[in-house]
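Student: Below is the sequence, then the predicted model.
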Amino acid sequence: MRLFKKQQPAKSSSSPTETWCLTVSGIVQGVGFRWSVLNLAQKMKINGTVCNNSDQTVTIILQTTLDEVNQFCFALPQNISQFAHITKIKKEKMINIAKMNDFHVLY
């Protein structure tokens, strides 16, 4: 007679953490956009960075799961400054990136 059942290891329902680069186009510089990105990332507990580019786009680096990146992209337009306007978000997976421990605005 067995008193204890042998437990199977729990399956992870979440995807592994990865690093993603988002390049955002539109009216995204000089309108408080980076601070909106910072606030959303902190609200979602996502580590990474945001910075302006010389071509008037903004680069957002996120370290999280693909599902959370997709949720971030969906939520971003509703969480930006009223003066900002997103026309395009290009998403690319990055490899060999050191672990980030917070979210920062870069200059």
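Tutor: Right, received. Where do you want to start? Here the structure is a predicted model, which is why all the values come from computation and not from measurement. Residues are numbered from 1 along each chain as shown.

Student: and the helix ranked longest in the chain, C-alpha only, in CSV?
Tutor: Longest helix in the chain by number of residues (criterion: DSSP state H): helix 33-44. Extracted as CSV, the C-alpha positions of helix 33-44 are listed here (Å, rounded to 0.1, in the frame of the first residue of the first chain):
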residue,chain,number,x,y,z
PHE,A,33,7.2,58.9,-25.2
ARG,A,34,10.2,57.4,-23.4
TRP,A,35,8.7,58.2,-20.0
SER,A,36,5.4,56.6,-21.1
VAL,A,37,7.4,53.5,-22.1
LEU,A,38,9.3,53.5,-18.7
ASN,A,39,6.0,53.7,-16.8
LEU,A,40,4.4,50.9,-18.8
ALA,A,41,7.4,48.6,-18.4
GLN,A,42,7.6,49.2,-14.7
LYS,A,43,3.9,48.6,-14.4
MET,A,44,4.3,45.3,-16.2
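
Student: Enumerate the positions of it that are buried.
Tutor: F33, R34, S36, V37, L38, L40, A41 (16 or more other CB atoms under 10 Å). (Each C-beta comes from the backbone N, C-alpha and C, glycine too.)

Student: any idea which residue sits dead centre in the chain?
Tutor: L62 (3.7 Å; CA atoms, centre = their mean).

Student: what packs against the longest helix of the chain?
Tutor: strand 47-52, strand 58-64, helix 66-75, strand 103-105 (3 or more CB pairs under 8 Å, 6 or more residues apart in numbering; DSSP states H and E).

Student: for W20, what are its contacts?
Tutor: Residues in contact with W20 (CB atoms under 8 Å, 6 or more residues apart in numbering) are I61, L62, Q63, T64, L66, V69, K91, E92, K93, M94.
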